[in-house]
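Undergrad: Just a sequence and a predicted model for now, questions to come.
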Amino acid sequence: MALSVWFSLVLTCILGAMSPGPSLAVVAKNCLGGSWKNGVAAAWAHALGVGMYALASVLGLAIVLQHNPSLFRGIAYLGAAYLFWLGFKAVQSKGGFAANLTAGRQTSLFESARDGAMISMLNPKLALFFLALFSQFVAASHASESRAIVVATPMLIDGLWYTIVSFLLTRQSVLEKIKARAVLVDRLTGIVLIGLAIRVAYTI
């Protein structure tokens, strides 16, 4: 793969990772319900899901998904339902994540990894993203080594970006300000997640 082509791929993946959406909301939720470790666990589980969609694109499975509306809608509705469930739990929170930590109910790393993986694997729009913007890079990568780079690049960029987000959100100066408004943060996070779920379901 030519270096110029790879740089274009990197730029595309960075812009995709930085776009606000349900992934950012889930990573933030896990950071604030635990620690930076929870955010990192969610980040790399999410990145694994991104890598799976990238691999599917390379293998041509994204095309099959695009031409099977029933399968697409089924996955999309599952993703919307999961988003709604996460949002409902956050809205129902009575003491915010700060109270949960005080009571010893810190989010486990397994729960964080589960949330990160589910939010990416149940997002069929990732497949369409790779199909629309990623296929040009797949077409330019005929050797198996180049195609491995095509799969690894978005996965690594996604994981690194949300790792950076996790460390920023758990800095003491930032965390203390957020803790003072813990319940409000929970409510707002829940509303955002529910809104995203409705948007996904409405646009299917």
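TA: That came in fine, so what should we check first?
Undergrad: drop to CA atoms for contacts and neighbour counts, all remaining ones
TA: Noted.
Undergrad: Please identify the buried residues of the biggest helix by length in the chain?
TA: Identified as the longest helix of the chain according to DSSP state H is helix 144-169. Buried residues in helix 144-169, counted by 16 or more other Cα atoms under 10 Å: 146-147, 149-163, 165-169.
Undergrad: so residue 194 is in which element?
TA: helix 182-203 (DSSP states H and E).
Undergrad: Show me what that helix is packed up against.
TA: helix 22-32, helix 69-91, helix 96-102 (3 or more Cα pairs under 8 Å, 6 or more residues apart in numbering; DSSP states H and E).
Undergrad: The longest helix of the chain to helix 22-32, inter-axis angle?
TA: 50 degrees (axes from the mean of the first three to the mean of the last three Cα atoms, to 10 degrees).
Undergrad: For helix 144-169, name the packing helices and strands.
TA: helix 3-18, helix 22-32, helix 36-59, helix 135-139.
Undergrad: try 10 Å this time
TA: helix 3-18, helix 22-32, helix 36-59, helix 135-139, helix 172-179 (3 or more Cα pairs under 10 Å, 6 or more residues apart in numbering; DSSP states H and E).
Undergrad: By mean pLDDT, which helix or strand of the protein comes out lowest?
TA: Ranked by mean pLDDT, DSSP states H and E, the helix or strand of the chain with the weakest confidence is helix 96-102, at a mean of 53.
Undergrad: hang on, the earlier thing: how distant is the longest helix of the chain from the center of its chain?
TA: On the basis of Cα atoms, centre = their mean, to the nearest Å, helix 144-169 is displaced by 12 Å from the centre of the chain it belongs to.
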